[in-house]
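Chemist: generate a structure from the sequence data that follows.
(chains A, B, C and D)
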Amino acid sequence: MVYETIAFALFALITVGCSLGVVLARDVWHSALLLGGALLSVAVHYVMLQAEFLAAMQILVYVGGVLILITFAVMLTRTNPEVNST
Amino acid sequence: MTDGPDAGSNLLPGLAAVGLFLVMVLAFAGASFPAPQGFGGDANVTASIGYAMFDIGNLGDVGAEGFLAAFLIVAIVLDVAIDGAVFLAKREEGGSVVTALTDGGRDLLDRSREGPNAPRSERGRDAPRREGGDE
Amino acid sequence: MVPAQWYLMLSAAIFCIGLFGILTRRNALLFLMSVELMLNAANVNFIAFSLQWGNVTGQTFALFTMALAAAEVAIGIGIILVLYRNFRDTDVTKATTMRW
Amino acid sequence: MAGAFDYTPAIVLLPFLSFLLALGVGRSMPKGGALAGIAATGGSLLLSVWAMLAVANGGTYNQTIYTWAAGTGNSFELTFGLLVDPLAAMMLVIVSLIAFLVHVFSLGYMNDEGETGLPRYYAGLGLFTASMLGFVVANNLLMAFMFFELVGLCSWLLIGFWFREEAPPSAAKKAFLVTRFGDYFFLVGVVAVFATFGTAAFAGEGSFPALAEAALAGEAATEINTFGFAPQTWFTVVGLLVLGGVVGKSAQFPLHTWLPDAMEGPTPVSALIHAATMVAAGVYLVARMYGFYALSPTALGIIAFVGGFTALFAATMGVVKREIKQVLAYSTISQYGYMMLALGAGGYIAATFHLMTHAFFKALLFLGAGSVIIAMHHNENMWDMGGLKERMPVTYWTFLAGSLALAGIFPFSGFWSKDEVLYEALAHGLGGTPLLLAAWAMGLLAVFFTGFYTFRMVFLTFHGEPRTDVARDPHGVGWNVKAPLTVLGVLAVVAGFVNMVPVAKLTGAHIEFLHDWLAHGLGGLTSEHYGELTGQFAGYETGYVGSELTTVLLSGALSLGLALAGAGLAYKLYNVPAPVEHTDRLGSVKTLLFNNYYQDEYQVWLADTAARNVARGADKFDQGVIDGVVNGISSVSLFSGSRVRRIQTGVVSNYAALLTLGLVALLLGIGLMGGWFL
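Modeler: You can find the predicted model right below:
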């Protein structure tokens, strides 16, 4: 039991931390990377919740698909920081 | 691209989110649940899905047939999504869908290099010309 | 096992962080990511309660959500690219032509 | 013979079909739709005669055809239905016959004169006929009301046929508005009938006259709602409300002013309006629901008195008129006054009889006048005529027959019916209802004037020397004018023979066919039943001068003598080669009569002052209160809108923030209510 609790606390910390990073990072690129971290740690939670299949789907669909798409978009819409920064 | 959660007024709405979090935590703290039932021992959901998928008897530990419907609908939804994405990516100004997908965003990059200060209408006018000239 | 409340709180935290992102950031891509976070928060709830009640329906729904999220991102990226094409920016506050 | 009633709807629908035809494809039809109209009304006439034969064989028909609004539970139903009893069958034949003849006559009056807009004209005629026939066969008051209104609409359309001139549209509007004024009361009356009885059926067990009778007899009083009044009082009120429509449509005092103006319409239309359709509708309505009126002595008294007064009043106005159609118009008002007098005096048969004979001779007179007007190139002034006797003999002899009937000269039809009207009034007046005697006196006096103005008209038009060139060489008229005149002329002579009461009384022979005709039929709708009702509830009893026979003879001799006196005076004054106007001898009365007792002016003044003040008040209310509220609301919403729209920034984040705040508030609310935060 206590291991589970420790694992939960650890990964919850990672999840929340990464999530906060996503919304607080100044660079969208960093945000995207931290989102990947958050999604992966959520996958770990899924495993702990006896949803191994969904954990696999999470990694495949989110980290493999969604995140790649977002990365593409970040690159496509990336403009010169010097010009755009306010 | 680098606009962080910067100054004053922009942060203020965030307090609403914090407030929502506080309300939720308050509510959850008062809630109580019985012990989780679980799926019984070391039941394997993934395996059950596999068995259900090939309709192999009652080997699965949990009834996973619902997933099959989910798969079908997911397939349709994703198909629609890709169609929509292609439709949105299509250029209005005469370019074909293929160029939008194959030029690797070069066109967009070109424009961004010109800088955002150039008037939009001018850009809109010469965009097709440039596209036709380069490729 | 870990009590359900904790998962609820985790999910509330992720959800509110996503919401916070939507409320404070102006970049459309950040919006997308925040929405992903919020959807994940919902998924966590689904799966936690799936285990709580020993019922795979929650997992099935979570699968739905994932697919929807993927579809939403595909469309969202398309919209953002169009937005970028039309407004030269992904700042949502600039795209205010729908006002009044 | 039961098959006849299956075709009854066709009686109404055939003219309606001709209306549709004339309206739709009238332009491309020969004679502008006249032939279709003639065929349709001819078909209606045949079917009506068939229905009448079926009724004569003892058949009646009372059937609901279509329920177009059914309430739930205990509430009432709104239906269309057919009621064919002796009265309706007789009226059907009259209406369709007159309509048929008017259609034929129109060929001569409208088509041969090269009028434009003929499809519109024949469409109007068709709809007019259809709505009147529908009114005649209506089996409930609401349906009757709807067709009543349709009749009014058609009169508006047809009186204003020559809408490019100045007078006809104004006359049409006047006819429409004045009759509408009466119809408001009628409408309220219809609603009152529904509210009181829950049904508006004319005949049958559950019909409202039957219910009212039962209530007055002390049975089943709980089923009806009299709004806290004594049943008798309330029935009188309801009856008088419905009577408002009757007074308007049948041109009774004080709502008669529209009818003389309605002469602006084409003459065949006037014939139709006066003889068979519009004006007759009012009297027919009273006859239709006579079982209801018979319960209320007050209503009967008012009907009788209004009728007698109108008869005299209109007759005096007819004395001085110059236009031939004006004279006829006032005679119509006067004659309908007689019918109302008869109804009010308990003479149901007399009224029906007079309605029938009047339909024939008045249609005849109008068509004859139309023929004269054709001959005179549409000059209606009698002082420009004269000496037409030799030049248009058919018209003269038929017109003379009609005039004799109108004046009530023995043995023409008008004599028999008018005599019976006056006899009923006299007999019931002597029997203990002195009010009827006053009405009778007025009616009797009107006989003199009727004889006078009728023969003044005849002598001025046809006798003496021609006074203008046109009268010397009149325009010829064709068969389509002469044929209807002949038919009606014969009818005007012989129609009275169906009910020769004095002769029957004198000889003992059984020749009161109309009495027999109206005495059978549906239970509760027979003349005998009405006689019982007036005796029981209105206290009408028959009194005699000496014996019954002497009374009959006295009454007949009195009216005949007065009519002859009037005619004789006219003969003396006007049957000279070159008559002159004698109206100056009347002095100031002449001006009064020429101006119709200033009825129009007085009504206009009334409308002006009363309506203007009401309108001013309403305007003030509208400007101040209604507009104030409206403007206030709009300024509030404008102000709040200009504030609230600032929320609408177009920035997604702001919308999301609002959503979030709303969710927080909602959760807090629900949580506090549900005790989540304990």
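
Chemist: how many residues are close by residue 38?
Modeler: As the question left the chain open, I've gone with chain A. A:Ala38 sits with 27 neighbouring residues when counted by other Cβ atoms under 10 Å in any protein chain shown. C-betas here are computed from N, CA, C, even on glycine.

Chemist: meant chain D actually
Modeler: Count around D:Ile38 with other Cβ under 10 Å applied: 22.

Chemist: element containing it, please.
Modeler: helix D:34-56 (DSSP states H and E).

Chemist: is any residue of the helix-or-strand element of chain C with minimal mean pLDDT near chain A?
Modeler: Counting by mean pLDDT, DSSP states H and E, chain C has its least confident helix or strand at helix C:57-87, which shows a mean of 85. Yes. On the criterion Cβ under 8 Å from any Cβ of the partner chain, helix C:57-87 is in touch with chain A at C:59, C:62-63, C:66-67, C:69-70, C:73-74, C:77, C:80-81, C:84.

Chemist: and D:Val614, how many residues sit next to it?
Modeler: 10.

Chemist: need the CA coordinates for the host helix or strand of it. CSV is fine.
Modeler: If you go by DSSP H and E, D:Val614 is part of helix D:612-621. In CSV, the C-alpha atoms belonging to helix D:612-621 read as follows (Å, rounded to 0.1, in the frame of the first residue of the first chain):
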residue,chain,number,x,y,z
ARG,D,612,-63.4,61.6,-32.1
ASN,D,613,-63.3,62.0,-28.3
VAL,D,614,-62.8,58.3,-27.8
ALA,D,615,-60.1,58.4,-30.4
ARG,D,616,-58.4,61.3,-28.7
GLY,D,617,-58.5,59.5,-25.4
ALA,D,618,-57.1,56.4,-27.0
ASP,D,619,-54.4,58.5,-28.8
LYS,D,620,-53.4,60.0,-25.5
PHE,D,621,-53.3,56.6,-23.9
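
Chemist: sorry, back to before: what subset of the residues of helix C:57-87 next to chain A is also close to chain B?
Modeler: C:Gln59, C:Leu63, C:Met66, C:Ala67, C:Ala70, C:Ala74, C:Ile77, C:Leu81, C:Tyr84.

Chemist: which parts of chain A are helices?
Modeler: A:2-24, A:28-48, A:52-57, A:67-76, A:81-84 (DSSP state H).

Chemist: no no, the stretch 1-150 of chain D
Modeler: Taking DSSP state H, counting those that start in this stretch as the test, the helices found in the stretch 1-150 of chain D are D:3-6, D:8-25, D:34-56, D:86-106, D:118-137, D:141-159.

Chemist: which among those helices is found nearest to chain C?
Modeler: Ranking the helices of the stretch 1-150 of chain D by their distance to chain C (criterion: Cβ to the nearest Cβ) puts helix D:141-159 first, at 49.9 Å.

Chemist: how near is D:Arg164 to C:Leu10?
Modeler: Using Cβ to Cβ, to the nearest Å, one gets 88 Å for the distance from D:Arg164 to C:Leu10.

Chemist: quick one: which of these two has more around it?
Modeler: C:Leu10 (24 against 9).

Chemist: which SSE is that one in?
Modeler: Using DSSP H and E, the element containing C:Leu10 is helix C:4-24.

Chemist: longest helix in chain B, please.
Modeler: Per DSSP H, chain B has its longest helix at helix B:65-89.

Chemist: helices and strands around that helix, which ones?
Modeler: Contact partners of helix B:65-89 among helices and strands, from 3 or more Cβ pairs under 8 Å, 6 or more residues apart in numbering or on different chains; DSSP states H and E: helix B:45-53, helix B:97-102, helix C:57-87.

Chemist: please identify the most buried of these.
Modeler: helix C:57-87 (a mean of 21; mean count of other Cβ atoms under 10 Å in any protein chain shown).

Chemist: got the angle for that one vs helix B:45-53?
Modeler: 90 degrees (axes from the mean of the first three to the mean of the last three Cα atoms, to 10 degrees).

Chemist: what comes up buried for stretch D:499-512?
Modeler: Buried residues in stretch D:499-512, defined by neighbour count with 16 or more other Cβ atoms under 10 Å in any protein chain shown: D:Asn499, D:Met500, D:Val501, D:Pro502, D:Val503, D:Ala504, D:Lys505, D:Ile511, D:Glu512.

Chemist: D:Ser44: which of those is nearest?
Modeler: D:Asn499 (25.0 Å; Cβ to Cβ).

Chemist: which pLDDT value goes with the closest one?
Modeler: For D:Asn499, the pLDDT comes out at 76.

Chemist: so it makes contact with D:Phe513?
Modeler: Yes. Assessed by Cβ atoms under 8 Å, D:Asn499 is found in contact with D:Phe513 at 6.2 Å.

Chemist: tell me which helix or strand comes right after the helix holding C:Leu10.
Modeler: helix C:28-53.

Chemist: and the lengthiest strand in chain D, what does it pack against?
Modeler: For chain D, the strand with the greatest residue count under DSSP state E is strand D:61-70. Here strand D:61-70 touches strand D:77-84, going by 3+ Cβ pairs under 8 Å, 6+ apart.

Chemist: residues making contact with the strand it packs on?
Modeler: Applying Cβ atoms under 8 Å, 6 or more residues apart in numbering or on different chains, the external contacts of strand D:77-84 come out as D:5, D:8-9, D:51, D:55, D:60-71, D:92, D:137-140, D:142-143, D:201-203, D:522.

Chemist: again, only this time at 6 Å
Modeler: D:8, D:51, D:61-70, D:137, D:139, D:142-143, D:202-203 (Cβ atoms under 6 Å, 6 or more residues apart in numbering or on different chains).

Chemist: pull out the buried residues from those.
Modeler: Buried, going by 16+ other Cβ under 10 Å: D:Thr8, D:Ala51, D:Tyr61, D:Asn62, D:Thr64, D:Val137, D:Asn139, D:Leu142, D:Met143, D:Phe202, D:Ala203, out of the contacts of strand D:77-84.

Chemist: return the member of the ones next to chain B among the residues of helix C:57-87 next to chain A nearest to D:Gly628.
Modeler: When those are compared against D:Gly628 (criterion: Cβ to Cβ), the nearest one is C:Tyr84, at 53.1 Å.

Chemist: which residues touch that closest one?
Modeler: If you count contacts by Cβ under 6 Å, 6+ apart, then C:Tyr84 has A:Thr77, C:Thr90 around it.

Chemist: pLDDT score for residue 12?
Modeler: If you meant another chain, say so; for now it's chain A. pLDDT at A:Ala12 comes out at 92.

Chemist: sorry, I should have been clearer: chain D.
Modeler: For D:Val12, the predicted pLDDT is 85.

Chemist: so it touches D:Gly134, yeah?
Modeler: Yes. Between D:Val12 and D:Gly134 there is a contact under Cβ atoms under 6 Å: 4.6 Å.
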